[in-house]
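J.: My questions are about this predicted structure, shown below with the sequence.
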Amino acid sequence: MRFLSGSSGQSMVEWLVIAVILVAVVGGVLIALFTTLSGKLQGINDAL
Amino acid sequence: MLSNEARLGLSLWLIGLAVIDVRRRQLPHALTTVPLLGVGVLAILRTIGPIVGLALSDPGWDATALALAFAAVLLSDTSLAILPAFAALIVAFVLGTPPGQVAVIAWLFGLALATAGILGEGDAKVVMILLAVCPDARLGLTLLATCASVGLVLMVWQLRTATPLWLVALAQDALQLKFPARTGEVGRLNLPLMPVLTVGAAIYLWGII
């Protein structure tokens, strides 16, 4: 159990920055996708 | 929202860890691994409690999702960890509530970053404990924003106008799954993160935002 036995308090901050940027971009795309999809499905539902 | 005593306790715990991190670059197991195991075992007890007749508070599905995330932590040396991780996500998002979803995402994200060699194991455990105790998306976002802001300032301070090129190179490596744990990269900004996490958590805990 490397994760549980490890106790390093050092992190690679430059990689954290890129992780945050990637999460923000992917998260933004997913939210936009779900919002659009939800709107379209609501439109179909209203038309029925 | 947490009581004043709980906020004070969490703040003192974080300040203590920040001081230890700056001095030794290591975080003691007694203050990180033991509480994490405690949270995980409690989640398991709350999940199986109703089955074996233990009278614990109604756990809902959030405790089950967290117990599955804990199983992923225990199996993190093997690729089998993917199974409980996916199960945790499915339980949290299909059956759980938003606090459970936040806790599970934080546990799996922290575990993934530590396994990739980006986050120190001690730092990851602190983030996981914080978001299990206080499963609020605003806390997670505050921690992420604080780390990213400090990181970006340090990157600009080190390489100034070459920072975008640095970011592009890192993004290319990330998209090709060339993480530090695989490549053995040491990194230019390999820092003790606890002081930054402490500031981020303090901003949330004491209502500065």
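T.: It's in.
J.: for the residue in chain B that chain A sits nearest to, what are its contacts?
T.: Closest contact between chain B and chain A, by Cβ to the nearest Cβ, is at residue B:121 (3.1 Å). C-beta coordinates here come from the backbone N, C-alpha and C atoms, glycine included. By Cβ atoms under 8 Å, 6 or more residues apart in numbering or on different chains, residue B:121 lies in contact with A:2-8, B:114.
J.: Also residue B:179?
T.: Residue B:179 makes contact with A:15, B:116-118, B:173, according to Cβ under 8 Å, 6+ apart.
J.: Export those residues to CSV and append columns for distance to residue B:137.
T.: Output for the contacts of residue B:179, formatted as CSV (distance: Cβ to Cβ, whole Å):
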residue, distance to residue B:137
A:15, 22
B:116, 22
B:117, 26
B:118, 21
B:173, 28
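J.: Once you drop chain neighbours, what's closest to the residue of chain A found nearest chain B?
T.: Nearest residue of chain A to chain B: residue A:6, at 3.1 Å (Cβ to the nearest Cβ). Computed as Cβ to Cβ, 6 or more residues apart in numbering or on different chains, the closest residue to residue A:6 that is not its neighbour in sequence is residue B:121, at 3.1 Å.
J.: Likewise for residue A:22?
T.: For residue A:22, ignoring the flanking residues on the chain, the nearest one in space by Cβ to Cβ, 6+ apart is residue B:174 at 6.4 Å.
J.: Any idea how far the lowest-mean-pLDDT helix or strand in chain B is from the middle of the chain?
T.: Least confident helix or strand of chain B, by mean pLDDT, DSSP states H and E, is helix B:180-183 with a mean of 84. Here helix B:180-183 is found 20 Å from its chain centre; the criterion is Cα atoms, centre = their mean, to the nearest Å.
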